[in-house]
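Q: Give me a 3D structure for the following:
(one chain, ligands or ions: 1)
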Amino acid sequence: MMLLTILAVVAIIIILPLSIRYYMKGATCTSPVKLEGKTVIITGGNCGIGFETARNLLLRGARVILACRDLNKAKSAAEQLSELGSGVVLVEKLDLSSFDSIRTFCKNIKQHITSLDILINNAGVYFHPYAETEDGLEMHMGVNYFGPFLLTHLLLELLKKSDSPRVVFVGSVIYKYGKIDFDNMNKPEFFHQHGAYCDIISLENRKKTEFGI
Ligand SMILES: NC(=O)c1ccc[n+]([C@@H]2O[C@H](COP(=O)([O-])OP(=O)(O)OC[C@H]3O[C@@H](n4cnc5c(N)ncnc54)[C@H](OP(=O)(O)O)[C@@H]3O)[C@@H](O)[C@H]2O)c1
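A: This next block holds a predicted model:
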């Protein structure tokens, strides 16, 4: 009995953390697809999930444009990525908390590329204290939702020139806990930074249908 109890405790101590780690890791992409000749824009590609995604795309031979609000961070990430010796990495300034910056980004990018194969809307803020974008939107709402929406809209022309365009929105399972109050989207008086993130992610999920993808 004692031995069984010890075995059960050991199993819980070992198996539980391993199972959580396995679950949190998510699925692994095993596709061997190459992306030579394809152009990809990834927002917030200087760190985190965006950086790792950029690395994978470069290893597949893509031309990757890191669209980042801080050009110094973007250049330093581009240097690290260039060491992979695969694909081509470029940087361009994009601040999703400013509609002006988004418009300028799209205008500039059109001078460098004639078609776009993949747009990855990855950049986002989460659990940000209450703040407003320069256009007066609550920060999560502006950076995670309206900014990427405008960006995608302005890049549609380039995307349509690709044979098989793809638009990817990076979201989170946390959308399940979001609830949008359409009468009070900015909600400064009821603001809760965790709630705001969940709400925006839940709203983000709708973009798939809004763009028909
Ligand atoms: N990490 C997670 O566990 C998790 C889970 C589910 C979903 N997600 C989602 O995955 C995406 C990436 O998350 P992450 O963990 O990699 O986050 P992260 O490491 O914090 O990176 C976020 C990226 O977004 C950029 N960004 C923030 N505000 C911006 C703005 N106004 N304009 C342009 N870029 C801006 C950041 O730039 P700076 O470097 O200049 O700050 C950074 O490059 C987010 O959309 C997030 O909601 C993450």
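Q: Any regions of this structure where pLDDT drops low?
A: Along the chain, the model assigns pLDDT under 70 to residues 186-213.
Q: so which residue of it comes closest to the ligand?
A: For the chain, the residue closest to the ligand is residue 48, as judged by CB to the nearest ligand atom, at 2.3 Å. Using the backbone N, CA and C atoms, a C-beta is placed for each residue, glycine as well.
Q: So what's the residue count around that residue?
A: Other residues near residue 48 number 13, with proximity taken as other CB atoms under 10 Å.
Q: can you tell me how far it sits from residue 146?
A: In this view, residue 48 and residue 146 are 21 Å apart by CB to CB, to the nearest Å.
Q: now swap in residue 75 and tell me
A: 27 Å.
Q: Can you name the residues of this structure sitting close to the ligand?
A: Taking CB under 6 Å from any ligand atom, the part of the chain that reaches the ligand is made up of 43-44, 46-50, 68-70, 73, 94-97, 122-126, 143, 170, 172.
Q: can you tell me which of those are in helices?
A: Counted as lying in helices by DSSP state H, out of the residues of the chain next to the ligand, are 48, 49, 50, 73.
Q: Quick one, which of these are buried?
A: 50, 73 (16 or more other CB atoms under 10 Å).
Q: Grab the two from the ones in helices among the residues of the chain next to the ligand that are most spread out in space.
A: 49 and 73 (14.9 Å; CB to CB).
Q: how many neighbours does the residue nearest to residue 71 when sequence neighbours are not counted have?
A: Leaving aside its sequence neighbours, residue 71 sits nearest to residue 93 (CB to CB, 6 or more residues apart in numbering; 5.4 Å). When counting by other CB under 10 Å, one arrives at 14 neighbours for residue 93.
Q: Could you do residue 38 as well?
A: The number of residues packed near residue 38 is 22, by other CB under 10 Å.
Q: And for residue 137?
A: Close neighbours of residue 137, defined as other CB under 10 Å, add up to 18.
Q: what about the nearest residue to it once chain neighbours are set aside, is that helix, strand or coil?
A: Leaving out its chain neighbours, the residue that sits closest to residue 137 by CB to CB, 6+ apart is residue 146, at 5.9 Å. Following DSSP: H, G, I helix; E, B strand; the rest coil, residue 146 is assigned to helix.
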